[in-house]
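Colleague: With the input below, show me the fold.
(2 chains)
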Amino acid sequence: MKYVKIYLACMQTAVSRAAAYRTDFVLGNLITLLSNIIFPLVTVLIYANGAEFPNWTMWEILLIQSVVSMSGAISSMISGGILWVTMDCVREGSFETILLKPLPPLFYIASSSVDTSSVGLFIGSIAMTVISAVHTGICGAEGIALFLLMFLGGISVMVGLDLIMAAISFKWVGNSRIPEIFDSVREFGKYPLEIFPESVRVISSIFIPVAVVGFFPASALLGRFDTLSLISLIPCAGFLLFGVWLYNRMIRIYEGVGG
Amino acid sequence: MINYIKHKLEICRAVAFVTYKEWSAYRTHSLVSVFVGPVYFIVQYFIWTAVYGGGGAIGGMELSETIRYFGASALIGYLTMDFADWNLQMLVRTGKFLTFSLRPVHHRFFALSQKIGHRILGFYLEFLPCLLIFVLLFKVDMIPCCPLWTALSVLLAFLMNFYVNYCLGMAAFYFVQANGIRVVYQLLGNIFSGMLIPLSFFPEIIQRIMIFLPFQYTNYIPAMVWTGNEAIGAMGLTIPQAVMYQAIAVIFTALLSEVLYRSSIKRFTAVGA
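Modeller: Predicted structure coming up:
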């Protein structure tokens, strides 16, 4: 209960901070939203030129991509700040200020770095998801329940990836390109799994389950869900737990000398 | 005149060499591209293979041309990558630009020399490994159809990217925090430079408007020249015509950067912000 109170207090602070710099808040949200609208634009242009992903309509692809945006927005608010705060503190050699707090370091960073710049993206991606779902139609209550389940799995993967990246920054000091490595892997979750060969499908469903971020939840809404895919939820939980474990483990190698 | 040029080349060589050595210490930054570049390329490969399905041409390009286009686009990105805008904005905001305004070298020339050194490192650590991966592992034919035109076009893209970014960086002389302008330009650049999708997929009216904007000269034109496309964009430009348009755009942007510099430097107070 104590931790919930602290987290809520930090959320309030983040909102107050955003309210103090309103123009920055609005501009930041607008830019985040616009930069995430880019990749559905590729889909729109492909279909506008008379081409298509076999057996997938434009709105179905847009549904996958809007679900990815929604997961990205939520995970960014929860854990997006952890990587940058950790990376900066390790590079400056100021992580001690966090270690001295009377709270678990990971919890303190997560609660004090709530990112409000993804609120616009979250609202925008919900709007896109609803519009896409209206065009495709959705598959009843069972579909929605499966969607929510897989969506939570997707958020676990995204948060887990953020934590793994943050953990790596203890060893790979000051490398601001670490997120690019994981962003590139996430690309596989933005398109129908069928377009990839078998080996990539297995990797993106089980080993690095990025398909759970967009493809599986959207498939659940569309009634195209294969119940065998539920097995992907196990590595999703594993990813999150591994991220937490790795982060706490990597704190031990912090030397306080900067880099 | 010869002595002047020789002196300038010596300065350029010295600055480029120091920058090369400085960034060599952070070579793992560049080596990230050896993983990221091929992964993005694989995704593009599967997307476009699925989209083309039975074959034919989309947006005036066949599958093999599109694959080559994305390979060329990635490789050109490694040769022309630039952050002169961020650097100049940082120098002005912190007041450190003062140290450059006291030197007997124009800061733009200094920054260009830095970029040359930085990209020579990029050539070894990003361009060459990714080229080898594309050719040997993915079996993509990455040999330019017209090597001389391609080299000229890439060189112009290199300069275009630099001059445009330098102009954006000068916004820092006018605004306390000019980061937003840079981000908005990057956003538009991602869409209209042809990095995400060839411009030939856009409606014709947008392709015609793009002739007057800087974006396509940094990536789309050189990538199309590299792939050897004989009718570039909605105007169906030949390769020499496209490179000529690019050269005109570079000259215009270089002149614009000088005009902006002369006007901006009067506002420099050296106190930071």
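Colleague: Would you mind measuring from A:P235 to A:S204?
Modeller: 11 Å (C-beta to C-beta, to the nearest Å). Every C-beta, even on glycine, is put in place using the N, C-alpha and C of the backbone.
Colleague: neighbour-wise, which of these two wins?
Modeller: A count of neighbours by other C-beta atoms under 10 Å in any protein chain shown puts A:S204 above the other of A:P235 and A:S204, at 23 against 20.
Colleague: Buried residues, the worst-scoring helix or strand of chain A on mean pLDDT. List them.
Modeller: Lowest by mean pLDDT, DSSP states H and E among the helices and strands of chain A is helix A:22-48, with a mean of 79. In terms of neighbour count (16 or more other C-beta atoms under 10 Å in any protein chain shown), helix A:22-48 has its buried residues at A:25, A:27-37, A:39-43, A:45-47.
Colleague: what's the pLDDT at B:F35?
Modeller: Turning to B:F35, the model gives it a pLDDT of 90.
Colleague: on that earlier part again, establish whether the least confident helix or strand of chain A and chain B are in contact.
Modeller: Yes. Helix A:22-48 lies within reach of chain B by C-beta under 8 Å from any C-beta of the partner chain, at A:27, A:31, A:34-35, A:38-39, A:41-42, A:45-46, A:48.
Colleague: following that helix, which helix or strand shows up next?
Modeller: For helix A:22-48, the following helix or strand on the C-terminal side (DSSP states H and E) is helix A:58-75.
Colleague: Next, please give the residue ranges for the helices of chain A.
Modeller: For chain A, the helices defined by DSSP state H occupy A:2-20, A:22-48, A:58-75, A:81-92, A:96-99, A:105-112, A:119-136, A:140-171, A:178-186, A:198-202, A:215-222, A:233-250.
Colleague: now do the stretch 101-250 of chain B
Modeller: Under the criterion DSSP state H, counting those that start in this stretch, helices of the stretch 101-250 of chain B are mapped to B:107-122, B:128-132, B:147-169, B:179-192, B:204-210, B:215-218, B:220-227, B:239-264.
Colleague: Of all the ones you listed, which one comes closest to chain A?
Modeller: Chain A lies closest, by C-beta to the nearest C-beta, to one member of these: helix B:179-192, at 5.4 Å.
Colleague: and the closest one, what other elements does it pack with?
Modeller: Packing partners of helix B:179-192 (3 or more C-beta pairs under 8 Å, 6 or more residues apart in numbering or on different chains; DSSP states H and E): helix A:22-48, helix B:84-94, helix B:147-169, helix B:215-218.
Colleague: List the buried residues of the third one.
Modeller: With burial defined by 16+ other C-beta under 10 Å, the residues of helix B:147-169 counted as buried are B:149-150, B:152-169.
Colleague: What is that helix packed up against?
Modeller: Judged by 3+ C-beta pairs under 8 Å, 6+ apart, the packing partners of helix B:147-169 are helix B:63-80, helix B:84-94, helix B:107-122, helix B:179-192, helix B:215-218, helix B:220-227, helix B:239-264.
Colleague: Repeat the analysis, applying 6 Å as the threshold.
Modeller: With contacts taken as 3 or more C-beta pairs under 6 Å, 6 or more residues apart in numbering or on different chains; DSSP states H and E, helix B:147-169 sits against helix B:63-80, helix B:84-94, helix B:107-122, helix B:215-218, helix B:220-227, helix B:239-264.
Colleague: anything in the fifth one near chain A?
Modeller: No. Contact check for helix B:220-227 against chain A, using C-beta under 6 Å from any C-beta of the partner chain: none in range, with a minimum separation of 13.8 Å.
Colleague: so how far is that helix from its chain's centroid?
Modeller: Averaging C-alpha positions (C-alpha atoms, centre = their mean, to the nearest Å) puts helix B:220-227 12 Å from its chain's average.
Colleague: follow-up on the earlier one: reformat the helices of the stretch 101-250 of chain B as JSON lines; add distance to B:F97 and mean pLDDT.
Modeller: Formatted as JSON lines, these follow (distance: least, C-beta to C-beta, whole Å; pLDDT from 0 to 100):
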{"stretch": "helix B:107-122", "distance to B:F97": "7", "mean pLDDT": "94"}
{"stretch": "helix B:128-132", "distance to B:F97": "34", "mean pLDDT": "94"}
{"stretch": "helix B:147-169", "distance to B:F97": "10", "mean pLDDT": "95"}
{"stretch": "helix B:179-192", "distance to B:F97": "16", "mean pLDDT": "83"}
{"stretch": "helix B:204-210", "distance to B:F97": "33", "mean pLDDT": "91"}
{"stretch": "helix B:215-218", "distance to B:F97": "25", "mean pLDDT": "93"}
{"stretch": "helix B:220-227", "distance to B:F97": "31", "mean pLDDT": "93"}
{"stretch": "helix B:239-264", "distance to B:F97": "10", "mean pLDDT": "94"}
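Colleague: Quick one: name the residues of the stretch 101-250 of chain A near chain B.
Modeller: Proximity of the stretch 101-250 of chain A to chain B, by C-beta under 6 Å from any C-beta, involves residues A:177, A:180-181, A:184, A:187, A:195-196.
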